[in-house]
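[1] build the 3D model from these lines:
(2 chains)
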Amino acid sequence: MQIVLDVQNLNIWYGGIHAVKGVSLSIEKGDIVTLIGANGAGKSSTIRAIAGLVKGYRGTIQYTDAGGTQVQLNNRPPEDMVRMGIALSPEGRRILPHLTVEENLRLGAYSRKDKAETASDMEYVYNLFPRLRERRGQKGGTLSGGEQQMLAVGRALMSRPDLLMLDEPSLGLAPKLVGEVFGIIREINRQGKTILLVEQNALAALSIANKAYVLEVGATAVSGTGEELLQDPRVRDAYLGA
Amino acid sequence: MSNGTRNAILNFLAVGGFVYFLWWAPENLDGYKLRIINLIAINAILGLSLNLVYGMTGMFSLGHAGFMAIGAYVSALLVLTPGQKATMWILEPMVPWLLNLHAPFLISLVLGGAAAAFVGCLIALPVLRLGGDYLGIATLGFAEVIRILIANLIPITNGSLGLKGIPAHTDLWMSYGCLGAVLFFMVRLMNSNFGNVLRAVRDDEVAAKTMGIDTFKIRVLAFTIGCFGGGLGGALLGNLLTTIDPRMFMFIQTFNILMIVVVGGLGSMTGTIMGSVFVTTMLEWLRITESPMTIGSLRIPGIPGMRMLIFSLLLIAVIIFRSQGIMGTREFSWNWFFGDWGDGRKAKGAR
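    Numbering: from 1, shown residues only, chains lettered A, B, ... in the order given. Coordinates of the predicted model:
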């Protein structure tokens, strides 16, 4: 299988704090890969570095775009990543509260110039999340937590990414909604998008992932398929509470 | 009658009434009142441009007076005739190439704005890497640098003697025509996707970046457009007052514009216009408190500076009782005016 993203020996410092200590991971085309681990394990830092939001890290991040061209992502600005087909739905949703649902989605397509296809992608997002279509004229800030999460995912999809990165999509959602959101993530993946998922909700993440990495204090502790990790006693003990 | 028809009729009446006023005023009002009415328009242009930078894009800039100065000097140097210029430079001779440089008023306005925008863009490149209060301090410093440069580049600017005898090109049609054009441009801009991009940069920089927005580039662009407005306002002001000198463009000038924007409501264009009407007329009207007064048997001699004192108290009252300004972040619309507050109430300019 083709490797879409290959991260080797990633190190990130925040001031004097060595937050990520040599994380390596690779993502194959068409997979759902998840990074799980406790607070402060470096999951978000890793995904933010890939998105270009962290500067001055060490290690290599190599990306292969849809055309098969290999690109070094190191220390490129975030807008380059979006243009090359990597989209991040950031932690805490970060939708724009004073803009309507539709305006939020349109901003997601900021990097694209193809108007007709943008409109058809908007239609695709509305079909994926019918709730957003109902609320298209409503301000983002008036949506419920679950709807805001849907909007955040939809907005990331509007850049028509090949690699969709989701940072904690279950954060602050009721269990029933977590199931709904993860169902949709699987649906997006089935339609051909590669997904990198950062999650604290290990059970939900592992149950949809093809491949998983467990991060502990800034380093990769365990990796394997979602199934394997669900059975792994260390993972069960530490993250699944079973 | 539907709201749409009602609004169309009211718009027509309002614009028609105002045009009639512009036609009526020069014949029936004295020069002092006309100047205040002109100043309202110019201050509104300056306020709108600062609002674009501060209210809509969230960059706390205190450099507007500097960009006004550039616009005012560029425009004045272009509209002054070679004859006037030849007699004005008495301290040091004028640079020869400037002597015969001449342009019609409208072109000088555009070039004044463009020069301010150019300098603004150059300043923005280093300065906009700063955020918050640091940006305010840096822009304040640059505005002062511009002013000092103007005061010392005597062969070009005539230094602190200033420029006199600028033809009084700015009349009501000109100032309100420019205000209309600026307002039209701003409304179009803020209602477009670009307006939403500015709000995204202001409200959540990380979110903006993840959407592929080059936030620095957008900031530089918005700042440059704002500087164009500052230069345009300065150019109009010079051609209204017919004389300019470096002391006109001190920090108090920026402060007055900032006050207009804050009183009107950060992020509200119609609010800025109301703020301009309020602040400009108040600054003039309160002059009566500085003249000697007789209340009953009590004689109060005129106290210079009294109006600034009263004005400060008014401002403090505004900040305590209505910190969001007259309009908050809303925009004026007839629907809002008549109380059917559909979604106009929660305008998207909110910060």
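[2] going forward, measure contacts and count neighbours with C-alpha atoms only.
    Will do.
[3] count of residues packed around A:G179?
    14 (other CA atoms under 10 Å in any protein chain shown).
[4] quick check: closest non-adjacent residue to the residue of the stretch 151-300 of chain B at minimum distance from chain A.
    Going by CA to the nearest CA, chain A is nearest to B:G212 of the stretch 151-300 of chain B, at 3.9 Å. Once flanking residues are discounted, B:G212 sits nearest to A:E79: 3.9 Å by CA to CA, 6 or more residues apart in numbering or on different chains.
[5] contacting residues for that neighbour?
    A:E79 makes contact with A:S111, B:K209, B:T210, B:M211, B:G212, B:I213, B:D214, according to CA atoms under 8 Å, 6 or more residues apart in numbering or on different chains.
[6] if we can go back for a sec, my guess is the residue of the stretch 151-300 of chain B closest to chain A contacts A:P77, does it?
    No. Using CA atoms under 8 Å, B:G212 is not in contact with A:P77; the gap is 9.1 Å.
[7] give me the more crowded residue out of these two.
    Between B:G212 and A:P77, counting by other CA under 10 Å, B:G212 is the more crowded of the two (27 against 18).
[8] ok, the more buried one - contacts?
    So B:G212 contacts A:P78, A:E79, A:D80, A:M81, A:V82, A:R83, A:G108, A:Y110, A:S111 (CA under 8 Å, 6+ apart).
[9] between the residues you listed, which sits nearest B:D133?
    A:P78 (25.7 Å; CA to CA).
[10] Provide the secondary structure category for the residue nearest to the closest one when sequence neighbours are not counted.
    Computed as CA to CA, 6+ apart, the closest residue to A:P78 that is not its neighbour in sequence is A:G52, at 4.4 Å. Here A:G52 is coil, with the state taken from DSSP: H, G, I helix; E, B strand; the rest coil.
[11] A:G52 contacts A:N75, doesn't it?
    Yes. Using CA under 8 Å, A:G52 is in contact with A:N75, at 6.4 Å.
[12] which of those two has more neighbours?
    A:G52 (21 against 18).
[13] got the residues of chain A near chain B?
    Counting by CA under 8 Å from any CA of the partner chain, the residues of chain A close to chain B are A:51, A:53, A:78-83, A:87-90, A:94-96, A:98-99, A:103, A:106-111, A:155-156, A:159.
[14] so for the one helix or strand B:K85 maps to, what gets flagged as buried?
    Assigned by DSSP states H and E, B:K85 falls within helix B:82-88. Buried residues in helix B:82-88, defined by neighbour count with 16 or more other CA atoms under 10 Å in any protein chain shown: B:K85, B:M88.
[15] mind exporting that helix as PDB, just the C-alpha atoms?
    What follows is helix B:82-88, C-alpha atoms only, in PDB (Å, rounded to 0.1, in the frame of the first residue of the first chain):
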ATOM      1  CA  PRO B  82       4.300  76.000  -9.200                       C
ATOM      2  CA  GLY B  83       3.900  79.700  -8.500                       C
ATOM      3  CA  GLN B  84       2.700  79.100  -5.000                       C
ATOM      4  CA  LYS B  85       5.400  76.600  -4.300                       C
ATOM      5  CA  ALA B  86       8.100  78.900  -5.600                       C
ATOM      6  CA  THR B  87       7.300  81.500  -3.000                       C
ATOM      7  CA  MET B  88       6.700  79.300   0.000                       C
END
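[16] just to revisit the earlier point, residue contacts, the residue nearest to A:P78?
    Contacts of A:G52 (CA under 8 Å, 6+ apart): A:L73, A:N75, A:R76, A:P77, A:P78, A:M81.
[17] swap the cut-off to 10 Å and go again
    A:73-82, A:88, B:209-210 (CA atoms under 10 Å, 6 or more residues apart in numbering or on different chains).
[18] for the residue of the stretch 151-300 of chain B closest to chain A, what are phi and psi?
    phi 90, psi 20 (degrees, to the nearest 10).
[19] which helix runs longest in chain A?
    helix A:175-190 (DSSP state H).
[20] that one: what's the following helix or strand?
    strand A:194-199.
[21] same question for that following strand, mean pLDDT?
    Across strand A:194-199, pLDDT averages out at 96.
[22] and the next element down the chain from it?
    Per DSSP H and E, the helix or strand that comes after strand A:194-199 is helix A:202-208.
[23] quick one: contacts of that next one?
    A:31-38, A:168, A:170, A:175, A:178-179, A:182-183, A:185-186, A:197-199, A:212-214, A:225-230, A:235-236, A:238-241.
[24] re the thing from before, which of the contacts of A:G52 tops the neighbour count?
    A:L88 (32 neighbours).
[25] quick check: which element contains that residue?
    Going by DSSP H and E, A:L88 is part of strand A:86-89.
[26] parallel or antiparallel, list what pairs with that strand.
    Using DSSP bridges, the strands paired with strand A:86-89 are strand A:163-167 (parallel).
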